[in-house]
Structure formats: structure tokens, C-alpha cells
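Engineer: I would like to see how this sequence folds:
(one chain, ligands or ions: 2)
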Amino acid sequence: MLSVLLKYIEEKHTCPHCSGDLSICHSPSVHVGDGLGWGSEYLFICLNDECPLFANGWEYIANQYGHVGSYRHMEIPDSKETYSMMVVGREAFTGSIVDIEDIKRQSARYQRQQEALAAFDHCVERKQLEPVLTVLLDDSASTENKSRAVKLLVLLNDIACVEPLRSHVFKVPHLEHEVNLAINKVLANHFLKECPHCAELIKARAVVCKHCQRELAS
Ligand SMILES: [Zn+2]
Ligand SMILES: [Zn+2]
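Structural biologist: Ligands and ions are numbered 1, 2, ... in the order given. Here you go, the predicted structure:
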């Protein structure tokens, strides 16, 4: 879906009535069985209120049909089909405009995730923690990929992983548990532990925290 939208965003669609850019909107949810479906999840629509088709449509519809309404120019993506679509108000479709910035953000995030996953094969050998953290901290990554990342975490054995992972709220409890186990292993490998009072990293055999000076139960 993302790639289709990105393609539409790249495409240039202009209104023949006002020469303005068309907006990408979600198609109204109608039952295809009623013959009202547009056959596309998205539509290109001219939402320019100054557009002659729209501006003059009110009078035309009032004279012709005796009710309130106007027209918006509309194109069906991936086809040459265009329509003058009847709308009953100014706001029709303005609530269903596709958030292009959000789509671009999602796409950038997806791209980052793919790059991180591609780096998994050699990240241990190259001592790269970054790809592993990218996948673990991205809520949109799959559970399977996150489990792979947890395994790499232990192999990488880099204490720099502790802080970002501790600051992250994991939505899946078993993943959080796996991450905690991995962090404990990494800390143990470095003869370190986290102070239960101030969360700073300290020597595993410390009896007093050097950061908060509080005593630690042994
Ligand atoms: Zn227009
Ligand atoms: Zn402390």
C-alpha cells in the first residue's frame, strides 16, 4: 500500500478546470456491490474552492436540479477516467486527504528498517550495534525480526545497548522479557550490574553505589 501511495505522490495530476494540483484522498467507503465503488482505494480530487467547476457548480445544480450541491473534478488513479463528482458541501473529501508527510515518514522508517535488517548478517563481525537497536526500537518491526535482534544483542556484547533499551517501552511483554535477559547477560559479561536505586551501571561486586552512595543488598 505504501509503495502505491508513494507512486501517486510522485505523480503530477492537475485539474483541467483550474490547473491546480489534485489532492490524494481516501475513496469514500461505499459498497462495491451497490455499483458505487470507485475500484480504487484512493482518488485524485481537486479541492480548490476557487476552481470554476466547483465555484459555478452551485448555481448550475440549483437551476438544473433544484437542490444544494456542486462538483469536484476527480480522477481515478492508474486510469484515464475523470469525473465531475457531485458533492453536497465544501467539506466533502477534505477529511479524507491522505497525509503525505506521514506517508513519507512511514516510508523513511520502513527504509531504515530494511537497511538495518540487511546489516544483521555482518553486524556482529563489524561490531555494529546500531542496526540491532534500530529494529528493536522500531515498533513496526516484526516480532520475528526483533527476536533475531535480541540474539545479536548478546553476541555483540556492547554495554552501549543498555541505556536506549531501558528507555524504550516495549509493547510486547515477552519481548521486553527477552531484552531484559539479554541486557543482564551483557552486563554480567562486563562484570557490571545496574544500581537498583539510581539505575547507573556499577561493578557487579560493589556493595555501595558510587553514584548515589546507597548500600546494595548482596
Ligand atoms: Zn480544479
Ligand atoms: Zn546508585
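Engineer: so which elements touch the lowest-mean-pLDDT helix or strand in the chain?
Structural biologist: Counting by mean pLDDT, DSSP states H and E, the chain has its least confident helix or strand at helix 2-10, which shows a mean of 89. Counting by 3 or more C-beta pairs under 8 Å, 6 or more residues apart in numbering; DSSP states H and E, the packing neighbours recorded for helix 2-10 are strand 23-26, strand 42-45, helix 100-119. Placement of C-beta: from N, CA and C, glycine included.
Engineer: show me the contact partners of that helix.
Structural biologist: With contact meaning C-beta atoms under 8 Å, 6 or more residues apart in numbering, helix 2-10 is reached by Ile24, Glu41, Tyr42, Phe44, Pro77, Val98, Ile100, Ile103, Lys104, Gln106, Ser107, Tyr110.
Engineer: just the buried positions in it, please.
Structural biologist: Buried residues in helix 2-10, counted by 16 or more other C-beta atoms under 10 Å: Leu5, Tyr8.
Engineer: ok, back up a step: go through the helices and strands packed on helix 2-10 and name the closest to ligand 2.
Structural biologist: Counting by C-beta to the ion, ligand 2 lies closest to helix 100-119 out of the helices and strands packed on helix 2-10; the figure is 33.0 Å.
Engineer: report all helices and strands that that closest one contacts.
Structural biologist: Against helix 100-119 (3+ C-beta pairs under 8 Å, 6+ apart) you get helix 2-10, helix 130-137.
Engineer: can you tell me how far the residue of the chain most remote from its centre is from Gly89?
Structural biologist: Largest separation from the mean C-alpha position in the chain: Asn63, at 46.7 Å (C-alpha atoms, centre = their mean). Distance, Asn63 to Gly89, using C-beta to C-beta, to the nearest Å: 19 Å.
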